[in-house]
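Q: sequence plus predicted model, see below.
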Amino acid sequence: AAEAAAAGEAAAKAAAASGAEARATALYAHPACLLHTAPVGREYDALSPAEARRLYGQPECAERLRTMLAPYGSLRAARFAPLLRRVAPRAQLADVLRAAQCRISRRLGACEGR
């Protein structure tokens with residue numbers, strides 16, 4: 001992981017030094033996201049896909065992220081060498097509450113453009 005991050009940063013620095021306008025893409029992830037488990041069980045299985053999305057949002061899949069970041073995962077391919085890899089910072093409670101409030105407000109139509 002450190003080697004890929006160093007390669008990505010080196011590629012970004014080389015592009016900047018050459019005068020080429022480069023827009024870096026960053027992957028923000030936190031080790032805790034690999035511990036995420038999606039809801040499972042009889043009650044969850046009884047929900048329709050629309051109900052599951054409404055209640056739980058899009059499913060997050062720690063296994064998918066583990067697979068992409070594995071030594072032979074897709075994000076280790078040469079074309080992703082410029083990808084800047086960052087550890088996601090811990091969110092402040094105010095930011096979490098603002099995002100949750102926006103989601104609720106959006107359902108009511110009061111949070112356009114956020």
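A: Looks like it arrived, so ask away.
Q: quick check: residue 83 touching residue 28?
A: No - with contacts defined as CB atoms under 8 Å, residue 83 does not count as touching residue 28, sitting 10.9 Å away. Every C-beta, even on glycine, is put in place using the N, C-alpha and C of the backbone.
Q: of those two, which one has the most company?
A: Neighbours around residue 83 and residue 28, counted as other CB atoms under 10 Å, are more numerous at residue 83. The numbers are 20 against 11.
Q: tell me how far the more buried one lies from residue 31.
A: When CB to CB, to the nearest Å is the yardstick, residue 83 and residue 31 sit 18 Å from each other.
Q: which parts of this protein are helices?
A: 2-17, 42-45, 49-56, 62-69, 93-108 (DSSP state H).
Q: which residues of this structure score low on pLDDT?
A: For the chain, the stretches with pLDDT under 70 are 1-22, 57-60, 102-114.
Q: how does it look with 80?
A: 1-23, 36-40, 52-61, 93, 96-114 (pLDDT under 80).
Q: distance of residue 87 from residue 25?
A: Taken as CB to CB, the span from residue 87 to residue 25 is 16 Å.
Q: residue 27 and residue 50, how far apart?
A: For residue 27 relative to residue 50 (CB to CB), the value is 30 Å.
Q: with residue 71 instead?
A: The gap separating residue 71 from residue 50 is 38 Å, by CB to CB.
Q: just residue 34 next, same as before
A: Distance from residue 34 to residue 50, counting by CB to CB: 28 Å.
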